[in-house]
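> Got a predicted structure here, sequence first:
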Amino acid sequence: MIQGGAHARATGLPTALPTLGWRRGNARTKMKTRITTFTVALWVGIIASSTFAMAQAAVAPPSHPVRKGPNWVCVNEKAPWQPRDSQGEFIYKDQLWILGGWDTPKTPNLLDVWKSSDGKQWIRTVEIAPWGQSDLPVSLAFKSRMWIMGGRKVPGTECSNKVWSSTDGAEWTLVTPNAGWSPRLSPGFVVFKDRMWVLGGTADFYQNDDRTLMNDVWSSADGKEWNLEVANAGWSKRAHAQAVVFDRKMWIMGGGSRAPQPIPTNDVWCSEDGVNWKEVTNAAPWKPRLWFSSVVYRDRMWVLGGWAKEGNFGDVWYSKDGRTWTELKSDVIWTKRHEHSAFVFKDKIWVAAGAAEPRYALNSEVWSLEIPRNWFEDQ
């Protein structure tokens, strides 16, 4: 028998079940009376079950920790650079940098470079850089230089394995026209142990399969000579993932396959050497996703936004170990989006650009979030 009354009282739901009125008439047989009685019991059972289910749904706690956080601040509603997504980004010489990116499937990818010391005022260092490919590239700051490599040329599917570097964002040097790794877009990338690392990716934006997706890991100390650290890492072949360095390890999370059918993941892996990988969790509490952003801030890894078949995400998560994640809820935050830039700069998290709601509209917004240093101590 279902006992739903006490639970319903705790939730403020009605504790009394509806009364059913029945006109039994002049029953001719015991069988007919029994059937009527059974019918009443069945209806009462269904109503009790429904009431209990409603009560459960009303009080069911989230399956993961959730914490109310500070509000995001819109630093710039419309920066002077063209709205875009899938651009390169990094912090270099104490400034925010935006490089290239995607405009539409039928127009050439952007090749401009912009910098800002505050997110409000932006300076363009070059209008048309010589790279050619800038949709979903690798972009890093390393050894007093900025680097951009790989990526896709739009329209079309042509990918690159060229490596370019610059000291000022205006003059660019082709370090190598053919890195050791194959042409690709949207790999994971980090600077780790005084080397640049490239992890996975895909050779074809429009067709992701075992032939085009990758899970190889490469590293370089100078951008010219590249070492294959492992041809098949422990994590599955993927693109559109995120990689960070945290707790003296490399981490890769999420990503997957975009086409012909989106198959996103939410697993988390780490490695101390880039060769041996450990699965920390095969299913983080944030939904599987592609095209999200990730940073390390306040001694935690962060996941921000992204996309899956159901649409854009606008959620924010953090973790100290890659296994247990807390969702940060803010009353004021950027609209749901994917392929936005994320930075840690001047003791804040920054989000810029991306394809946002409604209808995946490209934007040139700049947002920031500051969390007090002692905020986590109150948990």
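Received, thanks. Numbering: from 1, shown residues only.
> gap between the closest residue to Ala231 other than its chain neighbours and Pro187?
Leaving aside its chain neighbours, Ala231 sits nearest to Asp216 (5.3 Å; criterion: C-beta to C-beta, 6 or more residues apart in numbering). Where you see a C-beta, it was placed from the backbone N, CA and C, and this is true even at glycine. Distance, Asp216 to Pro187, by C-beta to C-beta, to the nearest Å: 9 Å.
> Mind listing the shared neighbours of the two?
Residues touching both Asp216 and Pro187 (C-beta atoms under 8 Å, 6 or more residues apart in numbering): Leu199, Gly200.
> higher neighbour count, these two?
Higher neighbour count among Asp216 and Pro187: Pro187, with 30 against 20, using other C-beta atoms under 10 Å.
> That one against Val138, yeah?
Yes - taking C-beta atoms under 8 Å as the definition, Pro187 is a contact partner of Val138 at 6.3 Å.
> which residues touch the residue nearest to Ala231?
Trp181, Leu199, Gly200, Leu228, Val230, Ala231, Asn232, Ala233 are the contacts of Asp216 under C-beta under 8 Å, 6+ apart.
> Glu377 should be in a helix, yeah?
Yes - per DSSP: H, G, I helix; E, B strand; the rest coil, Glu377 lies within a helix segment.
> Can you get me a residue count around it?
For Glu377, the neighbour count with other C-beta under 10 Å is 7.
> cool, Ala284 as well?
Neighbour count of Ala284, defined by other C-beta under 10 Å: 23.
> Tell me how far it lies from Glu127.
Distance, Ala284 to Glu127, by C-beta to C-beta: 40 Å.
> if I look at the residue nearest to Ala231, how far off is Trp122?
As judged by C-beta to C-beta, Asp216 and Trp122 stand 36 Å apart.
> Switch the contacts of Asp216 over to a markdown table; also include secondary structure.
Shown next, in a markdown table, are the contacts of Asp216 (three-state DSSP):
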| residue | secondary structure |
| --- | --- |
| Trp181 | coil |
| Leu199 | strand |
| Gly200 | strand |
| Leu228 | strand |
| Val230 | strand |
| Ala231 | coil |
| Asn232 | coil |
| Ala233 | coil |
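> Okay, the closest residue to Leu174 other than its chain neighbours and Ala243: tell me how far apart.
Leaving out its chain neighbours, the residue that sits closest to Leu174 by C-beta to C-beta, 6+ apart is Trp164, at 5.8 Å. Separation of Trp164 from Ala243 (C-beta to C-beta): 20 Å.
> what do you get for Ser219?
Using C-beta to C-beta, one gets 12 Å for the distance from Ser219 to Ala243.
> Then Asn208?
Asn208 is 18 Å from Ala243, by C-beta to C-beta.
> picking that back up, report the buried members of the contacts of Asp216.
By neighbour count, with 16 or more other C-beta atoms under 10 Å, the contacts of Asp216 hold Trp181, Leu199, Gly200, Val230, Ala233 as buried.
> contacting residues around Ala233?
Applying C-beta under 8 Å, 6+ apart, we find Ala233 in contact with Leu199, Gly200, Asn215, Asp216, Val217, Trp269, Ser271, Trp277.
> ok, and the closest non-adjacent residue to the spatially most central residue of the chain?
Computing the C-alpha centroid of the chain and ranking residues by C-alpha atoms, centre = their mean puts Phe292 first, at 2.4 Å. Take Phe292 and drop its neighbours on the chain: the residue closest to it by C-beta to C-beta, 6+ apart is Gly306, 2.8 Å away.
> partners of that neighbour in the sheet?
Taking DSSP bridges as the rule, Gly306 bridges to Phe313.
> residues contacting it?
For Gly306, the contact set (C-beta under 8 Å, 6+ apart) comprises Gly254, Arg289, Leu290, Trp291, Phe292, Ser293, Asn312, Phe313, His338.
> Quick check: the gap between the fourth one and Trp122.
Noted for Trp291: a distance of 24 Å to Trp122, by C-beta to C-beta.
> for the last one, same thing?
Here the criterion is C-beta to C-beta. By it, His338 lies 22 Å from Trp122.
> Looking at Trp291 and Trp122, which has the bigger crowd around it?
More crowded of Trp291 and Trp122, by other C-beta under 10 Å: Trp291, with 28 against 19.
> got the residue ranges for the helices in the chain?
Remark: helices assigned in the chain by DSSP state H are 5-11, 30-59.
> need the least confident one among those, by mean pLDDT.
Among the helices of the chain, helix 5-11 carries the lowest mean pLDDT, at a mean of 30.
> pLDDT score assigned to the nearest residue to Lys224 once chain neighbours are set aside?
Leaving aside its sequence neighbours, Lys224 sits nearest to Thr176 (C-beta to C-beta, 6+ apart; 4.8 Å). Thr176 carries a pLDDT value of 99.
> heads up, I number from 355, so please use that
Done: numbering now begins at 355, and the last item shifts to Thr530.
> ok, now which ones touch Thr530?
Lys516, Val517, Gly577, Lys578.
> Pull out the buried residues from those.
Lys516, Val517, Gly577.
> unless I'm mixing things up, the second one is touching Asp576, no?
No - judged on C-beta under 8 Å, Val517 makes no contact with Asp576 at a distance of 9.5 Å.
> Below-threshold pLDDT in the stretch 405-554 of the chain: ranges please.
The stretch 405-554 of the chain contains residues with pLDDT under 70 at 405-416.
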